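Asker: Need coordinates for the below:
(4 chains)
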There are 2 protein chains.
Amino acid sequence: MSEDLVSFFKVLSDANRLKIIGLLAQQPYSVEELAALLDLKASTVSHHLSKLSKVGLVSARADSYYNVYQLDETALQEKTRSLFSQEKLAASVADVDADAYDHKVIRDYTRKDGSLKIIPAQKKKLDAILRYVVKAFKVGKRYSEKQVNEILSTYHADTASLRRELVGANLMKREGGGGEYWREE
Amino acid sequence: MSEDLVSFFKVLSDANRLKIIGLLAQQPYSVEELAALLDLKASTVSHHLSKLSKVGLVSARADSYYNVYQLDETALQEKTRSLFSQEKLAASVADVDADAYDHKVIRDYTRKDGSLKIIPAQKKKLDAILRYVVKAFKVGKRYSEKQVNEILSTYHADTASLRRELVGANLMKREGGGGEYWREE
DNA sequence: AATCCAATTCGATACTTATCGAAATAAATT
DNA sequence: AATTTATTTCGATAAGTATCGAATTGGATT
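Answerer: The predicted model follows:
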């Protein structure tokens, strides 16, 4: 998940936490010792260790009074190795808004005046464009084929294709006999 | 440098910046397109791109009106590969005062005149105090037990305990027969 | 030259979080 | 049981920063 990646980086994006990792790479330390070494209060160090522990980079073992923390080096190596794998990159964009995709396609295929440069061949892009074009029609209102063509001609010369695709995508309905069209929902 | 590492992680510890990286891993995008895809304002995206660019992960090329940003994949691989190398870890603790723990213990247990409030019970703290006390003796010089006691009495009334602990910690040596003491090394 | 458009910069705001001190917890020694 | 010691948790504060809108900049197009 993308969340994982963000929190991992968040945990590592603090100078004192990196120092703790560096110190624990040499030998285990108690909270008190780390506090003295870093010139921080124990509560602050505890806070940092809690974050490091939450992503599995350090662990503690009780030793008399002390909580002795140690670095999990294999976890560190493992996590850093696969940081920007293909899956992680894909996951990071997984939740990018689908609407946003439409907007991007529309931007790519329209001119400043809103007309279409070309009608996309790819289905996904075509769908996005159709959702954009259909907004020119009022919901429920009836249009003759001539009216439909007039409106579509402001987008592209090939009004027949646009009309057919709109119906095919179920964005517009057509009454068989009278040649009337309307936008549903 | 440690600074480098922290800022690198800081740059990557934001969900939208990770999304930008994920998107640019697919293809270059302009600021405007990224803003649409991420549902952010252009100024915000610009802010993010500026940070990404500052650590060398992305670069821009001008294309007509647009600034088209692209990911520097080799830089990304390079930086992530060596994230926690030995040198980086060492650098992160370079400015940590190794004696800080001793100093803190000494502060806690001594009065202004340098004498001890009490002799610590805990071994680690006692060791730190002993390392402090032993400095009153010259390396190699021979001391009679009476002389040792005189010197130790400036630190604490319980000279016998101090003397015994110093020998036990191997900070001072004692010759069995003549009752002579000296500080080694 | 004048105008447009995207990008950037700037100022303000809201949210996150590192840090501390105090209180609560835990564990061990007396 | 009572006390000491280290750690954790909690509440408050201060510093950092993501985000936005407005103003400015810098290139293109007219």
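Asker: Could you use CA atoms for every contact and neighbour count after this?
Answerer: Fine.
Asker: how much space is there between the residue of chain A positioned farthest from its centre and DNA strand C?
Answerer: Within chain A, A:Ser64 marks the point farthest from the mean C-alpha position, 47.4 Å out by Cα atoms, centre = their mean. Per Cα to the nearest atom of the strand, to the nearest Å, A:Ser64 is found 4 Å from DNA strand C.
Asker: Can you pull the phi/psi pair for that residue?
Answerer: For A:Ser64, the backbone dihedrals (degrees, to the nearest 10) come out as phi 60, psi -130.
Asker: what's it in contact with, if anything?
Answerer: For A:Ser64, the contact set (Cα atoms under 8 Å, 6 or more residues apart in numbering or on different chains) is empty.
Asker: any idea how chain A splits into domains?
Answerer: With domains defined by automatic domain parsing, chain A comprises A:2-92, A:98-183.
Asker: where do the strands sit along chain A?
Answerer: Along chain A, the segments classed as strands by DSSP state E run A:29-30, A:58-63, A:66-71, A:142-144, A:172-175, A:180-183.
Asker: closest one to A:Ile151 among those?
Answerer: strand A:142-144 (10.0 Å; Cα to Cα).
Asker: Show me what the closest one packs onto, helices and strands only.
Answerer: Identification of packing neighbours for strand A:142-144 by 3 or more Cα pairs under 8 Å, 6 or more residues apart in numbering or on different chains; DSSP states H and E yields strand A:180-183.
Asker: rerun that using 10 Å as the cut-off
Answerer: With contacts taken as 3 or more Cα pairs under 10 Å, 6 or more residues apart in numbering or on different chains; DSSP states H and E, strand A:142-144 sits against helix A:145-153, strand A:172-175, strand A:180-183.
Asker: Mind putting those into a markdown table with mean pLDDT?
Answerer: A markdown table is the format used below for those (pLDDT from 0 to 100):
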| stretch | mean pLDDT |
| --- | --- |
| helix A:145-153 | 90 |
| strand A:172-175 | 87 |
| strand A:180-183 | 90 |
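Asker: So which of the ones you listed is the most surrounded?
Answerer: strand A:180-183 (a mean of 20; mean count of other Cα atoms under 10 Å in any protein chain shown).
Asker: Alpha carbons of that strand, in CSV - could you do that?
Answerer: Extracted C-alpha coordinates of strand A:180-183, given in CSV (Å, rounded to 0.1, in the frame of the first residue of the first chain):
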residue,chain,number,x,y,z
GLU,A,180,-35.5,11.1,-31.5
TYR,A,181,-32.6,11.2,-29.0
TRP,A,182,-32.4,12.1,-25.4
ARG,A,183,-29.9,12.0,-22.6
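Asker: Tell me the helices and strands packed up against that strand.
Answerer: Looks like strand A:180-183 contacts strand A:142-144, helix A:145-153, helix A:159-168, strand A:172-175 (3+ Cα pairs under 10 Å, 6+ apart).
Asker: Need the contact partners of it.
Answerer: For strand A:180-183, contacts defined as Cα atoms under 10 Å, 6 or more residues apart in numbering or on different chains pick out A:134-148, A:163, A:166-167, A:170-175.
Asker: repeat that with 8 Å
Answerer: A:134, A:137-145, A:148, A:171-175.
Asker: and of those, the nearest to chain B?
Answerer: A:Val134 (20.7 Å; Cα to the nearest Cα).
Asker: ok, the closest one touching A:Leu166?
Answerer: Yes: between A:Val134 and A:Leu166 there is a contact at 7.5 Å, judged by Cα atoms under 8 Å.
Asker: okay, and the common contacts of these two?
Answerer: Contact criterion Cα under 8 Å, 6+ apart; residues shared by A:Val134 and A:Leu166: A:Met172.
Asker: quick one on the thing from earlier: of all the domains of chain A, which lies closest to DNA strand D?
Answerer: domain A:2-92 (3.4 Å; Cα to the nearest atom of the strand).
Asker: before we move on, back to that, nearest to B:Lys10, out of the domains of chain A?
Answerer: domain A:2-92 (4.8 Å).
Asker: Any residue of the closest one touching DNA strand D?
Answerer: Yes: using Cα under 7 Å from any atom of the strand, domain A:2-92 reaches DNA strand D at A:30-33, A:42-44, A:46-47, A:49-50, A:65-68.
Asker: Give me the PyMOL select line for these, limited to the buried ones.
Answerer: To isolate the buried ones among these in PyMOL, judged by 16 or more other Cα atoms under 10 Å in any protein chain shown, type:
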select buried, chain A and resi 30+31+32+33+42+46+49+67+68
